[in-house]
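Peer 1: any chance you could fold what I've pasted below:
(chains A and B)
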Amino acid sequence: MAAHILITVVGRDLQLASRRPVDAFLPIVFFLVAGSLFPLGVGPEPEILRQIAPGIVWVCALLSAMLSLGSVFGGDYADGSLEQMLLSRHSPVMLAFSKALAHWVMTGVPLIVVAPLFGLLFDMPAQSIATMTWSLVLGTPILSLVGGVGAAITLGLRNGAVLILLLVLPLCIPVLIFGAGAVTALDAGLSPSGNFSLLGALLLLALLGCPMATAAALRISV
Amino acid sequence: MNTFPRFFTFAAPSRFYRLAGLMVPWLYGLAAVLAIAGLYTGFFVAPTDATQGESYRIIFVHVPAAWMSMVLYLVMAGWAAVGWAFNARLASMVSRAIAPTGAAFTFLALWTGAFWGKPTWGAWWVWDARLTSELILLFLYLGYMALVEAIDDVRRADQAGALLAVVGAVNVPIIYFSVRWWNTLHQGASISMTAAPKMAQTMVSAMLIMTFCFWAYAFAVIFVRTRAIVLERERQTDWVRSLPGGAV
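Peer 2: Got it, this is the predicted structure:
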């Protein structure tokens, strides 16, 4: 039963996104454009760029994940289907989890695919690129899960988009630190496994807590 | 509820309004007296620090403000959670009233920290673990205030704010430790206040007096703000209308 609603909601969201492919590609385009601004602003020295690349990639990933949060519940809230989903006999926690999963598939996975390309643009060594990609694999689901809470809590508000940023970004700082820190640790000759473990721990915590918080927020907001 | 009449007596906004109104002048007075005593002890009685000279004296404002900023966040989250879980109106109002004061103390701690950092570290700001996590705490306060202000429906605003405050309170230790580890990896400022030699007795007492002063001030301001919120939310009730001055 739980798997059923998961597949239904994720499949529905993906189908909806596939009907508007340009919208679905916006976060990834934002990621690329924002990341390309840094060399223009900082200067083209490869040494500096290589050093700041993991931070840039992580910050841009964070921002592009935030930008698409408004649409997680926004469309369903506007046309009333979210209310129907909450009225159904299915668990709102499962609904919240499915929504976060769909968001991750639509924004997190493309980021993970594109991130190695960024590594090449910034002339990162192969091992650092691999580490960065793995840190994104572990970290971007957390962004979607925490972001789901912010999206649910700000449903239908004025300035909701800016408000999400203000609410969610501070909560995502640990992910940023450990994610970018994994690559920094590798570059410093240390093992990134500690950062991976911490990211994994955060992911587990987010998996446990965030769907419940999102469900509570949905009950408040809808 | 009837089994604990004394405990819940002042949970009624009307009774709280009257009690807080009686207490506010005394709390302001207490805060003023303690401020004079604490600042005098801190600025004139406490000895000059051997390594930092006179500039260390800002800690008599800085450290109590930093303590208050952290405690008030927990108190705010606690009352917000009580208001949410038990549908206690006054608890939600108090938690809302706490947020601006907490944010002010956070800002004060950061500001005075910058004043201390310039002569001591040679920089207004360093990305030290404490400073960074205090800054993030300020962002959490601002997020809470922005959220509750953005929602017009009072009930929804209280509940959403409570959820955010509770999520934030769970996150505060995670943020603190992540920032600390991030900082040690990056080799930040190596000077730490905990490494300083043991403080003189007068320094400790000045700091404690200032802490009590800030507590009294916080209670006073929070009571004043809660009273205003009570009036605003209960303006259609009989007891507010019967107050001297009419509907205020």
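Peer 1: going by C-alpha atoms from here, please, whenever you check contacts or count neighbours.
Peer 2: Fine.
Peer 1: which parts of chain B sit against chain A?
Peer 2: B:136, B:139-140, B:142-144, B:146-147, B:150-151, B:156, B:159-160, B:163, B:167-168, B:171, B:174-175, B:178-179, B:182, B:185 (Cα under 8 Å from any Cα of the partner chain).
Peer 1: keep only those of these that are in helices.
Peer 2: B:136, B:139-140, B:142-144, B:146-147, B:150, B:156, B:159-160, B:163, B:167-168, B:171, B:174-175, B:178-179, B:182, B:185 (DSSP state H).
Peer 1: B:Tyr141 versus the residue sitting nearest the centre point of chain B, what's the distance?
Peer 2: By Cα atoms, centre = their mean, chain B has its centre lying nearest to B:Gly102, at 3.2 Å. Note on B:Gly102: its distance to B:Tyr141, by Cα to Cα, to the nearest Å, is 7 Å.
Peer 1: check B:Val45 too.
Peer 2: 35 Å.
Peer 1: do the same with B:Phe60
Peer 2: From B:Phe60 to B:Tyr141 the distance is 23 Å (Cα to Cα).
Peer 1: related to what we said a few turns ago, between B:Val45 and B:Tyr141, which one's more packed in?
Peer 2: Each of B:Val45 and B:Tyr141 has its neighbours counted (other Cα atoms under 10 Å in any protein chain shown); B:Tyr141 has more, 26 against 13.
Peer 1: the more buried one: what's it in contact with?
Peer 2: B:Tyr73, B:Ala99, B:Pro100, B:Gly102, B:Ala103 (Cα atoms under 8 Å, 6 or more residues apart in numbering or on different chains).
Peer 1: between which two of those is the distance greatest?
Peer 2: B:Tyr73 and B:Pro100 (10.4 Å; Cα to Cα).
Peer 1: need the residues of chain A near chain B, please.
Peer 2: A:153-154, A:157-159, A:163, A:166-167, A:170-171, A:173-174, A:177-178, A:181, A:185, A:213, A:216-217, A:220-221.
Peer 1: from those, which land in helices?
Peer 2: A:153, A:163, A:166-167, A:170-171, A:173-174, A:177-178, A:181, A:185, A:213, A:216-217, A:220-221.
Peer 1: how far off centre is stretch B:158-168?
Peer 2: On the basis of Cα atoms, centre = their mean, to the nearest Å, stretch B:158-168 sits 17 Å off its chain's mean C-alpha point.
Peer 1: name all residues that make contact with the residue nearest to B:Ala162 when sequence neighbours are not counted.
Peer 2: Excluding the flanking residues, the one nearest B:Ala162 by Cα to Cα, 6 or more residues apart in numbering or on different chains is B:Ala80, at 4.6 Å. Applying Cα under 8 Å, 6+ apart, we find B:Ala80 in contact with B:Ala91, B:Ser92, B:Val94, B:Ser95, B:Arg96, B:Asp158, B:Gln159, B:Gly161, B:Ala162, B:Ala165, B:Val166.
Peer 1: farthest-apart pair in those residues, please.
Peer 2: Comparing every pair within the contacts of B:Ala80 by Cα to Cα identifies B:Val94 and B:Val166 as the most remote, at 15.1 Å.
Peer 1: need the mean per-residue confidence for stretch A:102-116.
Peer 2: Mean pLDDT, stretch A:102-116: 91.
Peer 1: now do the buried residues in that stretch.
Peer 2: A:Ala102, A:His103, A:Trp104, A:Val105, A:Met106, A:Thr107, A:Gly108, A:Val109, A:Leu111, A:Ile112, A:Ala115, A:Pro116 (16 or more other Cα atoms under 10 Å in any protein chain shown).
Peer 1: kindly report the same for stretch A:139-154.
Peer 2: Those would be A:139-154, for stretch A:139-154 by 16+ other Cα under 10 Å.
Peer 1: for A:Pro192, state which of the residues you listed is nearest.
Peer 2: Nearest to A:Pro192 among the buried residues of stretch A:139-154, with distances taken as Cα to Cα, is A:Gly139, at 13.8 Å.
Peer 1: and that closest one, backbone torsions?
Peer 2: Main-chain torsions, A:Gly139, degrees, to the nearest 10: phi -90, psi -40.
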